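Trainee: have a look at this prediction, sequence included:
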Amino acid sequence: MGLIEAAGREWIERHVDEALAEDLGRQGDITSLATVPSGLHGRAELIARQEGVLAGIDWAVECGRRADPPAEWKFFLREGDRVDAGGVIAEVTGPLRGILISERPALNGLAHLSGIATVASRAAELVRGTKAKVYDTRKTHPGWRLAEKYAVRTGGAENHRLGLHDAFLIKENHIRAAGGVAEALRAAKSWRRSEKGAEGAAIEIEVTNLDELREALREGPDQVLLDNFSLEELREAVAFTAGRCALEASGGITLENLADVAATGVDRISLGALTHSARPLDLSLLVRETSDG
């Protein structure tokens, strides 16, 4: 599956058009208009400046296709492939003005999604050998959630709920509003039974200590999120739960302590940094040849 299938063609076309429009404004690429002859064609190479995982090919291709004049982005690797520092990822050909117009919007999206895929790949590797899987969160950039969650999957990590609509996650404010842990869980179960289409929505509740965990388990949730538990508390929670529901560790987790958290025996680890803190992959586009069209 590529980005178009994951986020939808309408999404990618709209966002590419917006990216091009904010770059070009009313006057267009005035530097290229002044310095690049209209009939000049070119060939450029997309080079990785660091190792990583490639994600977002469809974005770059669409940036070239929707530029005016259009440029062709031809990739030598596939989605999810590892890239080496110094490696040539793609070749871009066509009118040189089109190559330069599509360059920055294409690289912005491609580098961003590849950065997420790279972090997700690293996280998945760190928990290998344990039963834990790494999940993303809703801490995504507005309008880019489907694309960013796609990049997470491309890197080998898992998607948590897509939004507020497809799973219950009862957090501190919900618990306070409902009157307690047990009351919140009962309310969610009742609502799930009564609402058409909600039958398959998992019910997860956030707890902050072992006492709340014990109270939650009596109500039979599908999953419990252990918020900011220490490693020792996580181990105690795993032992006490004894497989009655899935346990998810969250809060204060980084790539540096991820393996230790996974070793406690939890089933899931949610990591907001997959999407909100991933550094873009360092990419450069260099023109190698020019010719008269």
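Mentor: Yep, that arrived. Numbering: from 1, shown residues only.
Trainee: the biggest helix by length in the chain: which residues count as buried?
Mentor: Assignment by DSSP state H gives helix 96-126 as the longest helix of the chain. Neighbour-count burial for helix 96-126, counted by 16 or more other CB atoms under 10 Å, picks out 96-103, 105-124, 126. Where you see a C-beta, it was placed from the backbone N, CA and C, and this is true even at glycine.
Trainee: please apply the same query to stretch 56-76.
Mentor: Neighbour count says stretch 56-76 has 56-64, 66-67, 70-71, 73, 75 buried, by 16+ other CB under 10 Å.
Trainee: show me which pair in these is furthest apart.
Mentor: In those, two members sit farther apart than any others by CB to CB. They are Gly56 and Pro70, at 18.6 Å.
Trainee: averaged pLDDT, the helix or strand that comes right after the longest helix of the chain. What do you get?
Mentor: Tracing the chain past helix 96-126, the next element assigned as helix or strand by DSSP states H and E is strand 133-135. Here strand 133-135 scores 98 as its mean pLDDT.
Trainee: also stretch 144-155?
Mentor: Mean predicted confidence for stretch 144-155 is 98.
Trainee: over to stretch 219-238?
Mentor: Taken as a whole, stretch 219-238 has a mean pLDDT of 98.
Trainee: so what are the domain limits for the chain?
Mentor: The record assigns the chain these domain ranges, following automatic domain parsing: 3-124+279-292, 158-270.
Trainee: deepest of those, which one?
Mentor: domain 3-124+279-292 (a mean of 19; mean count of other CB atoms under 10 Å).
Trainee: report the next helix or strand after the lowest-mean-pLDDT helix or strand in the chain in sequence order.
Mentor: The weakest-scoring helix or strand in the chain, judged by mean pLDDT, DSSP states H and E, is helix 3-7 (a mean of 92). For helix 3-7, the succeeding helix or strand toward the C-terminus, using DSSP H and E, is helix 9-24.
Trainee: could I get that following helix in PDB with only the CA atoms?
Mentor: Only the C-alpha atoms of helix 9-24 are listed here, as PDB (Å, rounded to 0.1, in the frame of the first residue of the first chain):
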ATOM      1  CA  ARG A   9      -6.100  10.600  -3.800                       C
ATOM      2  CA  GLU A  10      -8.200  13.600  -2.900                       C
ATOM      3  CA  TRP A  11      -6.100  14.200   0.200                       C
ATOM      4  CA  ILE A  12      -2.800  14.000  -1.600                       C
ATOM      5  CA  GLU A  13      -3.900  16.200  -4.600                       C
ATOM      6  CA  ARG A  14      -5.300  18.900  -2.300                       C
ATOM      7  CA  HIS A  15      -2.300  19.000   0.000                       C
ATOM      8  CA  VAL A  16       0.200  19.000  -2.900                       C
ATOM      9  CA  ASP A  17      -1.700  21.800  -4.600                       C
ATOM     10  CA  GLU A  18      -1.600  23.800  -1.300                       C
ATOM     11  CA  ALA A  19       2.100  23.200  -0.900                       C
ATOM     12  CA  LEU A  20       2.800  24.400  -4.400                       C
ATOM     13  CA  ALA A  21       0.500  27.400  -4.100                       C
ATOM     14  CA  GLU A  22       2.000  28.700  -0.900                       C
ATOM     15  CA  ASP A  23       5.500  28.500  -2.600                       C
ATOM     16  CA  LEU A  24       4.500  30.100  -5.800                       C
END
